[in-house]
Structure formats: structure tokens, C-alpha cells
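J.: What follows is a protein structure lacking sequence information:
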Ligand code: TNX
């Protein structure tokens, strides 16, 4: 491709003093061969291409914010001015909202001819998702930091795309090990490109309380002071939490806060003696056992405490959900657990949020619009569905990002399974549990528990590339998914991970390969 007639002509044009863009036909590129993850619903190639060059203008009549970020990055890496224009001409990238779009709340249509790119969607979120696709149609250099003197061709054709599931999430456990705001923002940046739209933050556990609660300050000053292994912990001030929420919103990611209760509460029990039945504060805990702690569910002060916590967090959280945990409460008797979940759920509703909780909460009678988060027991998920709850799907054997890839993986656990990339990819949410169908499923979430995860490199190593596989499960209908095809696309996605300095796990099952010359011209 590099030495074909058009490229030689283009070279001659570069040496001459006048532009001959119009005379040089753009290369014939095949949109259908371009690697896009998650795979869009419909891709039709027209076998030509659009060239972004010094004369390209940008039309953003609806002043869509997400467009500004995209254009800034393209300016930085192409060196072109990309002036904004009110009218589209023969060389324009245009972004527009279209009330009549049939692609739904998150879908988009991307129409590329040899003279224009038109991205349209019903909502700004749809435009954002279309931009994530457009990023992958551009040369990998787009993801870099400095101007690159290359041809900026985009294959022509039409993509009509929308997601299979409304909720496509990841979870970060900031309780076992604490991660700074900048790390959370990097996670947000990295996952957003795969059209993930939710980040669940596991904010509290036995080892640490990570969110400032103004009415109960000892939760963070004492309860947040340490972490697994005994080093110093940390917590988010309310200002920092709001900053995370606002940053996530710019990438169309909703934050779901979790306060895990009545078990997994040692950090709170160590901070306030009155939450314990014997009135004595427990010791801070830096090990990795689970299931040994519980709030004293019969004490009124516990519900005053929970009311304050849920109120303060809900006030800072624009998203619809509050996750109350509810898992592994092994030392709470069922006769105490059930009324606890019911009373706490009512508090969540009182502050305008919908209940989300790990699958054990289905033992209780759940209010309308609740979501049971299936991680372990299919029968719990079914009990949830029987009371009309939705199910969020995170089976530990497939979706847990803290599971080791194999027995040699340097970090991670394996109590549920070893989860290699093929295993992470090859499953279908609506076929996991008999009786739980697509209608019952809110979506898919990939949790990263952090008992063994200490820094950003560890996060990236466990999250990538498995989250990329999960993103396609949540976005693309199963009839268009196939491991043999996915592993090749993932292999060719390598350059994009590397230019973003992602410390991914180079699974032997994936044919990792830099793009060849022909593919570079047909990105
Ligand atoms: C189970 S998943 C837990 C977590 C652990 C995780 C480790 C769930 C609801 N509870 O407390 O961190 O396993 O894989």
C-alpha cells in the first residue's frame, strides 16, 4: 500500500507548491476490515476514504462538549488547525444531535464519505460513544502526545450502532487498598474508550473506610488510616469524591457508590464503639479474611448512622443507584439480616436512590426498582427476579478481574477460577442462569477486588485485556461475537494499548501483532 500510485502522487504533491488534494484519489480502504472493539452492530463499507488534512473543518452546531475533547486531541497529534465552521463543506467533520435517530439513548450513526464525516446521535452520550468508535478508525498516532507527520485517512462507509445492555460497568475496590484520585481518573479514561458507562466504587470494607462522612468524622481519620498489609491507607474528602463524579460524567460514566453492610464493616466498628453489640470498638484490620464483622442490627444508633451515611453520599451522587453491599455477612443471623436489609433499603429509597446489593440481598423483600448483583449464587439471583428485581451480572468465575489468569499470574486470587482471556470472553449473560433472560438483566459489571492489587500497574495488568472482552459482551449481541475473530482483533489492538502505556497482560492465547503496513494504510 505504501508505494502505490496514489501515494507516490501524494509525495510529489507534498514537494510542489500548490495543493493537488483534489486530483489525488483517496486510498480505497475497507471499513469492514477496520478493528473496532466492541464490535458495532452494523458496518457497511463503501471502499473509499476521507482524508483529514490542513483544510479540514469541524462543525459542532449543538456545542457538544465531548466533541471539544476529541478535536483538541486530533489537533495535538495531527498538527492541523481544524477550524470550526457553521456550514459543512467538502472537507468537514460534523457532529450533530438528531431527535429522530433510531439508535436509542446511547447509539449513534457514523457516516463517512470521501468528503465528509458525519456523526449523529439522539444524545450527547451517543455522540460520545460514536467518538470512541471514530478514535479506533484513526491512525494509532491519534492516541499519542505530539504531532505526527502521517496521512490521516479514515475508511469510508456507514456504522449504525447501539448497545445490547444499558449498564456496562466496572468496579474498583478502593477499600482493601486505597487508590488516589488520579488513579481513579486514569481508570475512567481507559475504560470509557470501550463504551463502559458505569464505575462502581467499593468504598468501605473491613480494612478501610474511604469516603469522608462529615457527621461521623472518625470513619476516615481512624477507619481510613490503614489498608491490607498494614501500610497507611487513605480516603476521599467529599470534594475529591465530587471531583471523581464530575470527571466521570465528562466521559459519560455514572458512579455507583457502595457502602458494604451489615458485614464487611470492621473499619466502621473500629471507629465507633456504639455500632457494636458489646459497645466496644474493634481493632483495625489489615488481613484478607472475609465474613467476620457485623453491625449490631438491633441497635437504633446503627440506623441513625446508616441514615447519615446514605444521606451524605446520596447528596453527592447524581446517579440513580446506591449499592448497600449485603454480601458474606456470615456472622449476622438470617433473622437479623433480613430486617436489616429491608430497613436499610427503605433509607436508600428515602434519599431518592434505587437499591443495588450483592445477590444475598434477595433473601429480603426488596422495594420496587431494586437490582440484585449476581456474583456467586444463581438461586439468589432467581429469588431476586421472582420479586421483579433486575439482575446485574458479575459471575466471579467469568467477570472477576481479580482472578488470576493462570497459576503463574504474579497477583490475584483463584478461589472462583483461573480466568484466561478466552474464558473471560466466551459467555453470554442471558444464558448463565436458567430462568434469567435478557429482560431481567440490567447489564454486566467487571469487579476488581484489591486484596493483592497495590498500584496502577497491578490494576492495568488485571483489568486489561479482560475488561475489553467484557465490554464486547455488554455491547455486542452474542450472534456477532466469536472468540476466533475477537482474539485477532484484540491482537491488532496492541498498538493502541501500548501508545496509552497500558500495562496489559500479554496472554499467550492472543496473536499479538503490530499492525502491518497494509493495515496501517487501512487502519
Ligand atoms: C468475594 S464478591 C467478595 C469480596 C472479595 C472477593 C475476592 C463479594 C461480593 N465478596 O469481599 O474481595 O471475593 O475475590
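T.: Received the coordinates, thanks. Predicted model, so just to flag it, every value in this text is computed and none were measured.
J.: which helices and strands does the helix or strand hosting residue 220 pack with?
T.: Residue 220 is part of helix 218-221, with elements assigned from DSSP states H and E. Using 3 or more CB pairs under 8 Å, 6 or more residues apart in numbering; DSSP states H and E, the elements in contact with helix 218-221 are helix 266-271. Yep, even glycine has a C-beta here, placed from its N, CA and C like the rest.
J.: Show me what counts as buried in stretch 79-94.
T.: Applying a neighbour-count criterion of 16 or more other CB atoms under 10 Å, one finds 80, 82, 85, 88, 91, 92, 93, 94 buried in stretch 79-94.
J.: which ones among these are found in strands?
T.: Among the buried residues of stretch 79-94, the members falling in strands (DSSP state E) are 92, 93, 94.
J.: tell me which residues of stretch 235-249 are tucked away?
T.: Buried residues in stretch 235-249, counted by 16+ other CB under 10 Å: 235, 236, 241, 242, 244, 245, 247, 248.
J.: which residues touch the residue in the stretch 251-400 of the chain positioned nearest to the ligand?
T.: Proximity of the stretch 251-400 of the chain to the ligand (CB to the nearest ligand atom) peaks at residue 327, 3.4 Å away. The contact partners of residue 327, by CB atoms under 8 Å, 6 or more residues apart in numbering, come to 260, 263, 264, 357, 358, 359, 360, 375, 376.
J.: For the last one, give its distance to residue 466.
T.: If I follow you right, that is residue 376. 19 Å (CB to CB, to the nearest Å).
J.: Looking at these two, which one has more neighbours?
T.: Neighbour totals were compared for residue 376 and residue 466, and residue 466 leads with 26 against 17 (other CB atoms under 10 Å).
J.: Tell me the secondary structure at the closest residue to the more buried one other than its chain neighbours.
T.: Leaving aside its chain neighbours, residue 466 sits nearest to residue 424 (4.2 Å; criterion: CB to CB, 6 or more residues apart in numbering). Assigned with DSSP: H, G, I helix; E, B strand; the rest coil, residue 424 falls in the helix class.
J.: can you pull the contacts of residue 424?
T.: 398, 399, 466, 469, 470.
J.: where does the fourth one land in three-state SS?
T.: Just to be clear, that refers to residue 469. Secondary structure assignment for residue 469 (three-state DSSP): helix.
J.: Residue 486 is in contact with that one, correct?
T.: Yes. Applying CB atoms under 8 Å, one finds residue 469 in contact with residue 486, separated by 7.0 Å.
J.: which residues do these two both contact?
T.: Residues touching both residue 469 and residue 486 by CB under 8 Å, 6+ apart: residue 425.
J.: now the helix holding residue 220: mean pLDDT?
T.: Helix 218-221 shows a mean pLDDT of 98.
J.: next helix or strand past that helix?
T.: For helix 218-221, the following helix or strand on the C-terminal side (DSSP H and E) is helix 238-250.
J.: mean confidence for the next helix or strand after that following helix?
T.: Moving toward the C-terminus from helix 238-250, the next helix or strand (DSSP H and E) is strand 254-261. What strand 254-261 shows for mean pLDDT is 98.
J.: Over to stretch 88-103?
T.: The average pLDDT within stretch 88-103 is 96.
J.: what separates it from the chain centre, distance-wise?
T.: 26 Å (CA atoms, centre = their mean, to the nearest Å).
J.: again, but for stretch 257-266
T.: 23 Å.
J.: ends of that stretch, how far apart?
T.: With CA to CA, to the nearest Å applied, stretch 257-266 spans 18 Å between its terminal residues.
J.: again with stretch 141-149
T.: End-to-end distance of stretch 141-149: 10 Å, with CA to CA as the criterion.
J.: which residues are in contact with it?
T.: 73, 74, 76, 77, 78, 79, 135, 139, 150, 496, 499, 500.
J.: got the buried residues for that stretch?
T.: Buried residues in stretch 141-149, defined by neighbour count with 16+ other CB under 10 Å: 141, 142, 143.
J.: Nearest to the ligand among these?
T.: Of those, the one sitting nearest to the ligand (CB to the nearest ligand atom) turns out to be residue 143, at 31.7 Å.
J.: Next up, phi/psi of the closest one, please.
T.: When read as degrees, to the nearest 10, the backbone of residue 143 gives phi -80, psi 0.
J.: In the stretch 351-500 of the chain, which residue sits closest to the ligand?
T.: Counting by CB to the nearest ligand atom, the stretch 351-500 of the chain gets nearest the ligand through residue 449, at 3.4 Å.
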